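Student: Give the three-dimensional model of this entry:
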Amino acid sequence: MEELLIITTIVASSVAHAAFAPNLYHPKVSIVNKIVDVNASCDLKHFNITILMEQPFKGLLFAKDFSHECHATETNNSFSLHLPTSGCGIRLSSKTNDEHESVYYMATLVVQQDRYLQQATDLEYTVKCLLQENLMSVKSKPMLDAVKKLMGQKKTTRTGRMKNLAEKSKESTTSFENENDLIEALSATKAWMEIIPEEDNDHPGILQVGEPALLIIKSTLPVGIGWKIIDCVAHDGLGDSSQKLLDQHGCPLDELLLPEPLMGPPKSIALMRHQELISKFAAFKFPDRDRLHLSCGLQLCRGSCETVDCKSSLANESEMRLARELSQDGDGEILDRFEVFNSVEVIAPSIELEEFRNDNNRNNVDDVFKSLGRLPGDKTFCVSSDKMAITFALLGLIFLFAVIVAIGALMRARRSGSSFSHYSKSLFSSSSGGSRFGSSKMLLHENPLMLQPYRGVPYGRVF
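Tutor: So this is what the prediction gives:
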């Protein structure tokens, strides 16, 4: 029996260790791998970033909200990102200093210490890249030819004595000055898009769903070149989800998303003309992204672009084409087109708060049911996972103890030498003529019940 008790104790201790997990030690504070150096270069279409880490990095470096699509390639402790400026959450902003407006790209990077898990030690880093003015300029051969033609027309408009004077003494000088003016004018041409909140705040790059925002298209083009915005599209930065906002004429498809843009007054700067187009809209976002990307086509025209009455159904493509053909000097002729784009972070705290409230309401309902206790007729029986494990462990322990007791009792009975009595004859024997019913008859002297006097019945009858 001592051996049985020892075995039972060992089994019980193992079951107890399985049911009750030991206390875990406090996790060690992980060492944060810091950024040592950052280098960035950019042009109109690409944003290249190289990051040097303090130690060999085993985590993940990516553009915020684009962990799978816009991540870095590693080389020991050095990382390189090659991001398209039209996606991956790249934002374009401008800053005015001493009447000079500079444009720069901005990207928010996430340094994830583990390749697969997000932790409290993860870092966010904002990288800016100033776009050089020569890279920002609009390069368009049709626009260049149109400006040359326009300057040639101005040169030949002189008459009389001034015309002869220009042809004889100042022909070369005028041509030289026009060439310099042309080069200077074309080097200063630029156009870009900005998305900002209507009211200034501390975080101009972050909007809330429903917050009034401004879509601004800014341009600085030579005098005699017009422009308009067409084919505006909102997308998630990858092209997986998109929504068209303006059609090929520049008319809104849904004014609740983006109303018709309004062109502001031009501001002349020497041979250039600065102009802005503004559309006020309520900020929106795609459900699976916090980054909203907007892209529009900027159409260049000779003179001024054709205006379309978006509220009138009479204007169509054939009428506008005919109007361009009948216009004098090709005014309104489409010269070229290129894309302007930008992005902004849009959050939805009200939606998240509503989800939080719904969770709280569900928790409150659960608390109410808990306070009511078990209702009559309710057959539900709820047990937590740890209590269930303890219950099964105890049941297994009881079953094991019962098996051990049964085995011990059997071994003890064999050691004592006790045996059981067995009858060698049946209580019934076959007889062919002993009964009129043809059944067996009982042998009274072999019945063990007849060995003792039966006092319950005054008489007995045997067939």
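
Student: who does Gln243 bridge with?
Tutor: Here Gln243 sits in beta bridges with Ala234, as judged by DSSP bridges.

Student: How much space separates it from Phe286?
Tutor: From Gln243 across to Phe286, the span is 8 Å (Cβ to Cβ, to the nearest Å). Bear in mind the C-beta positions are built from the backbone N, C-alpha and C, glycine included.

Student: by contact count, what packs against the longest helix along the chain?
Tutor: When the chain is parsed with DSSP state H, its longest helix is helix 385-416. The contact analysis (3 or more Cβ pairs under 8 Å, 6 or more residues apart in numbering; DSSP states H and E) places helix 385-416 against helix 2-19.

Student: and the next helix or strand after the helix it packs on, which strands flank it?
Tutor: Toward the C-terminus, helix 2-19 is succeeded by strand 35-42 as the next helix or strand (DSSP states H and E). Each strand paired with strand 35-42, and its direction, by DSSP bridges: strand 46-53 (antiparallel).

Student: which stretches of the stretch 351-463 of the chain aren't confidently modelled?
Tutor: 351-381, 417-463 (pLDDT under 70).

Student: Next up, the contacts around Ser41.
Tutor: Each residue near Ser41 by Cβ atoms under 8 Å, 6 or more residues apart in numbering is listed here: 48, 129.

Student: 6 Å instead, please
Tutor: Going by Cβ atoms under 6 Å, 6 or more residues apart in numbering, Ser41 touches Asn48.

Student: give me the beta-bridge partners of it?
Tutor: Taking DSSP bridges, one finds Asn48 as the beta-bridge partners of Ser41.

Student: circling back to that earlier point, between Gln243 and Phe286, which has more neighbouring residues?
Tutor: Per other Cβ atoms under 10 Å, whichever of Gln243 and Phe286 has more neighbours is Phe286, with 18 against 15.

Student: Surely the more buried one and Leu238 touch.
Tutor: No. The criterion here is Cβ atoms under 6 Å, and Phe286 misses it with Leu238 at 10.3 Å.

Student: The stretch 101-250 of the chain: helices as residue ranges?
Tutor: Along the stretch 101-250 of the chain, counting by DSSP state H, counting those that start in this stretch, helices occupy 133-136, 141-155, 160-168, 171-187.

Student: Select from those helices the stretch with the lowest mean pLDDT.
Tutor: Of all the helices of the stretch 101-250 of the chain, helix 160-168 carries the lowest average pLDDT, namely a mean of 45.

Student: Show me where the stretch 51-200 of the chain dips below the pLDDT cut-off.
Tutor: Applying pLDDT under 70 to the stretch 51-200 of the chain flags residues 75, 98-99, 153-181, 185.

Student: Try it again at 90.
Tutor: Where the stretch 51-200 of the chain drops to pLDDT under 90, the residues are 53-61, 65, 67-69, 71-80, 94-103, 111-123, 125, 132-189, 199-200.
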